[in-house]
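Participant: Make a model of this:
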Amino acid sequence: MRLEVEVLDTEEEVGRRAAQLVADELAAGRLGAFGVATGSSPAQVYASLAAGRLPGWDGVEVFALDEYVGLPPGHPQSYAAVIDREVRAPLGLDPGRVHVPDGAAEDLTGACDAYERALEERGGVDVQLLGIGATGHIGFNEPGSPFDSRTRVVDLTERTVADNARFFASADDVPRRAVTQGIGTIARARRHVLIALGAAKAAVVRAALEGEVSEECPASALRTFEDVLVLLDPGAASQLTRRPASRRSPAGAR
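Facilitator: A predicted model of the protein is given here:
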């Protein structure tokens, strides 16, 4: 079991460091399946990967962490649309190899089960990008989510809805439910890279890395995973009492 924490000077350096890890896995032939997250934290990762014009993406499958329930197909803030814009198109990926939970399915339970089976058959992803929400959620696993949970429909907290309102015209437009990979599903990834940026994330980063390992802070489950790299900028690291000794400036994704 390995958990490493690195603090880099800027958001751009954090993104380039994460992109370099993904690029190295791709170049070594170890990136058969790439787990992607949405939101502002991983945006620089995808931009750096696209700028690197890396060969080898043709055979890579992409799996999203989650999707809102109830948005119509093609809605610009659905995660299927976000991943298409930010990941698939810039990297030139085959649309048939990009998998997103179906939050518009009539049978949501069946859709969750099908997504879970697809991930199980794949054996989990090789590299999973993660952000962390103010409630400590990873994916949309809110406080109280069991560490052995699987892909399922969840209710979003009011704090999560408020935080995500910046992507919508108003908070009233933010869906209140989502399909998410469970913590147990996420744990199957071979490697995990969690990104947190800004002082607003400092308290929850400290809770996840230094507080009790508890379902009340879902991200604390990372400390039970096999191989985790946590990448922070100075703001996100500002409340850690055991500050990481290593500060590295990445060379950038190839």
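
Participant: Span of stretch 2-21 from start to end?
Facilitator: Terminal residues of stretch 2-21 lie 15 Å apart, using C-alpha to C-alpha, to the nearest Å.

Participant: And the helices in this protein?
Facilitator: Under the criterion DSSP state H, the chain contains helices at 11-27, 43-52, 79-83, 89-91, 108-122, 158-164, 183-187, 202-210.

Participant: Go through those and pick out the most buried.
Facilitator: When these are scored by mean count of other C-beta atoms under 10 Å, the highest mean neighbour count falls to helix 183-187 (a mean of 23). C-beta: built from backbone N, CA, C; applies to glycine.

Participant: returning to what we had before: possible to save the helices of the chain as CSV with distance to Gly139 and mean pLDDT?
Facilitator: CSV is the format used below for these (distance: least, C-beta to C-beta, whole Å; pLDDT from 0 to 100):
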stretch, distance to Gly139, mean pLDDT
helix 11-27, 17, 97
helix 43-52, 17, 95
helix 79-83, 11, 96
helix 89-91, 22, 94
helix 108-122, 12, 97
helix 158-164, 11, 95
helix 183-187, 6, 98
helix 202-210, 14, 98
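
Participant: export those helices to CSV and tack on distance to Leu194?
Facilitator: Converted to CSV, the helices of the chain look like this (distance: least, C-beta to C-beta, whole Å):
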stretch, distance to Leu194
helix 11-27, 9
helix 43-52, 12
helix 79-83, 18
helix 89-91, 21
helix 108-122, 19
helix 158-164, 17
helix 183-187, 11
helix 202-210, 8
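
Participant: So for His99, which of these sits nearest?
Facilitator: helix 108-122 (6.3 Å; C-beta to C-beta).

Participant: list the helices and strands the closest one packs on?
Facilitator: Where contact means 3 or more C-beta pairs under 8 Å, 6 or more residues apart in numbering; DSSP states H and E, helix 108-122 is packed against strand 61-64, strand 152-155, strand 177-180.

Participant: would a markdown table of those with distance to Leu129 and mean neighbour count be doable?
Facilitator: Output for the helices and strands packed on helix 108-122, formatted as a markdown table (distance: least, C-beta to C-beta, whole Å; neighbours: other C-beta atoms under 10 Å):
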| stretch | distance to Leu129 | mean neighbour count |
| --- | --- | --- |
| strand 61-64 | 10 | 22 |
| strand 152-155 | 20 | 18 |
| strand 177-180 | 15 | 25 |
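
Participant: Dump these into CSV; add mean pLDDT and distance to Val230 as well.
Facilitator: What follows is the helices and strands packed on helix 108-122, written out as CSV (pLDDT from 0 to 100; distance: least, C-beta to C-beta, whole Å):
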stretch, mean pLDDT, distance to Val230
strand 61-64, 98, 21
strand 152-155, 98, 24
strand 177-180, 98, 20
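
Participant: Reformat those as JSON lines; add distance to Ala189.
Facilitator: Listed next are the helices and strands packed on helix 108-122 as JSON lines, based on distance: least, C-beta to C-beta, whole Å:
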{"stretch": "strand 61-64", "distance to Ala189": "9"}
{"stretch": "strand 152-155", "distance to Ala189": "18"}
{"stretch": "strand 177-180", "distance to Ala189": "14"}
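
Participant: just the CA coordinates of stretch 58-75, formatted as CSV?
Facilitator: Extracted as CSV, the C-alpha positions of stretch 58-75 are listed here (Å, rounded to 0.1, in the frame of the first residue of the first chain):
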residue,chain,number,x,y,z
ASP,A,58,-6.4,4.2,-30.0
GLY,A,59,-6.7,1.2,-27.8
VAL,A,60,-7.6,3.0,-24.6
GLU,A,61,-11.0,2.7,-23.0
VAL,A,62,-12.3,5.6,-20.9
PHE,A,63,-14.7,5.2,-17.9
ALA,A,64,-16.4,8.1,-16.2
LEU,A,65,-16.9,8.2,-12.5
ASP,A,66,-20.4,9.5,-12.5
GLU,A,67,-23.4,11.2,-14.2
TYR,A,68,-26.3,13.3,-13.2
VAL,A,69,-29.7,11.7,-13.1
GLY,A,70,-32.5,13.4,-15.2
LEU,A,71,-30.6,15.6,-17.6
PRO,A,72,-31.7,15.0,-21.2
PRO,A,73,-29.2,13.4,-23.6
GLY,A,74,-26.9,16.1,-25.0
HIS,A,75,-27.4,18.5,-22.2
